[in-house]
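Enquirer: what's the 3D shape of this:
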Amino acid sequence: MAQTTGIQWTNRTWTPIRARVRVDAGEIAAQKGYKSLLPTIVPGRIGPHCEHVSRGCDHCYSEKDNRRCLPKNGTGLPFDRRSRDLVDIFVDERILEEPFHWRKPKKTFVCSQTDLFGEWVPDEAIDRVFTVIAACPRQIFQVLTKRPERMQAYLGDKSVLPNCWLGVSVEDRAVLHRIETLRQTPAGLRFLSIEPLLEDLGPLDLKGIGWCIIGGESGPRARPCDLAWMRGVVEQCQGAGVQTFVKQLGRHPVEDGLRLSLNDKKGGAIAEFPADLRLREFPDAWRSGLDQSRCRGYCS
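Expert: Residues are numbered from 1 along each chain as shown. Below is the predicted model of the structure:
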């Protein structure tokens, strides 16, 4: 179901793409040699499924919750390729239809517990999600992916939905190519989620980007985030006219080689930020009245 959230840059989360552990998952695991997964398999359990694709996935909060099955939500399986063989991916009809009952316009993070453009998600399921987005023009839907190539291929021949913001995660220099792929994708607004920021990203090409979220890593095994890296991104965004949202300094912020001691363990209390990093800007893109004639490829 849609949930209110502590994620500062959105109002709620909405994850209609779900996974159910197959009845024959134990047999499949035994046949494929997934012996370490056998004790965790409980047929019928429902939760998210996702798979690690880059360093930003290493300490995934959704995977941790999924394996603990909290709160009463989770397949109990790790987020890797093996688990894909053990679950059926489906669209939860009840969750899918929730936006039709939302009265007030808000920002909604789509598939916060997984990746809408993961290889395991069939096109038909993505079609249904975007049909709902098109039918709810007063709502802003924020779609964030680490797989922009599939997103670009899927959306490349479709009309822009003004209420759909598309973003990519960028955690280190190895994945900077995601920005260029995003730039080639039609969107109501394009944004970057530079979280967790794991190294100095160097010069960024921000042409066509409207918003940038920046944050250090949280969690007990958080990797360090040097505030000089963060300042480098902020300065480039401000210089390019990109709205900038500093979400958190992270659990292990570093300044001038020294670890900062913060009361907020996630480093998310803006009062503890250095003054030059107290930026939480939102893009001026709250559009309404989507022209349904522009919804080719979504609307029936």
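
Enquirer: what about Gln142, which SS state?
Expert: The three-state assignment at Gln142 reads strand, by DSSP: H, G, I helix; E, B strand; the rest coil.

Enquirer: Report the beta-bridge partner residues of it.
Expert: Assessed by DSSP bridges, Gln142 has beta-bridge partners Phe109, Trp165.

Enquirer: Show the model's pLDDT score for it.
Expert: Predicted confidence (pLDDT) for Gln142: 98.

Enquirer: How much space separates it from Thr185?
Expert: According to CB to CB, to the nearest Å, Gln142 and Thr185 sit 14 Å apart. C-beta here means a position set from N, CA and C on the backbone, and glycine is covered the same way.

Enquirer: Could you check which of the two has the larger neighbour count?
Expert: Under the criterion of other CB atoms under 10 Å, the comparison of Gln142 against Thr185 puts Gln142 first, with 25 against 21.

Enquirer: where's the residue of the chain most remote from its centre, which helix or strand?
Expert: Centroid-distance maximum for the chain: Gln31 at 33.3 Å, with CA atoms, centre = their mean. Taking DSSP states H and E as the definition, Gln31 sits inside helix 25-32.

Enquirer: And that helix, how far out from the chain middle?
Expert: Relative to its chain's centre, helix 25-32 lies at 31 Å (CA atoms, centre = their mean, to the nearest Å).

Enquirer: Mind giving me the packing neighbours of that helix?
Expert: If you count contacts as 3 or more CB pairs under 8 Å, 6 or more residues apart in numbering; DSSP states H and E, helix 25-32 packs onto no helix or strand.

Enquirer: Using CSV, write out every CA atom in stretch 165-180.
Expert: C-alpha atoms of stretch 165-180 as CSV (Å, rounded to 0.1, in the frame of the first residue of the first chain):
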residue,chain,number,x,y,z
TRP,A,165,9.6,13.0,-13.0
LEU,A,166,12.4,10.6,-14.0
GLY,A,167,15.6,10.2,-12.1
VAL,A,168,18.8,8.2,-11.9
SER,A,169,21.0,7.2,-9.0
VAL,A,170,24.6,8.4,-9.3
GLU,A,171,26.9,7.3,-6.5
ASP,A,172,30.4,7.3,-8.1
ARG,A,173,32.2,8.1,-11.3
ALA,A,174,31.6,4.6,-12.7
VAL,A,175,27.9,5.3,-13.2
LEU,A,176,28.1,8.9,-14.5
HIS,A,177,27.0,7.5,-17.9
ARG,A,178,23.5,7.2,-16.4
ILE,A,179,23.1,11.0,-16.6
GLU,A,180,23.6,11.0,-20.4
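
Enquirer: quick one: contacts of that stretch?
Expert: 54-56, 140-146, 148, 151, 155, 181-182, 185, 187-199, 201-202, 204-206, 209, 211, 213, 283, 285 (CB atoms under 8 Å, 6 or more residues apart in numbering).

Enquirer: Please indicate which of these are buried?
Expert: Burial by neighbour count, 16 or more other CB atoms under 10 Å: within the contacts of stretch 165-180 this picks out 54, 56, 140-146, 148, 151, 155, 181-182, 185, 187-198, 201, 204, 206, 209, 211, 213, 283.

Enquirer: Out of those, list just those in strands.
Expert: The strands, defined by DSSP state E, take in 140-145, 189-194, 211, 213 from the buried ones among the contacts of stretch 165-180.
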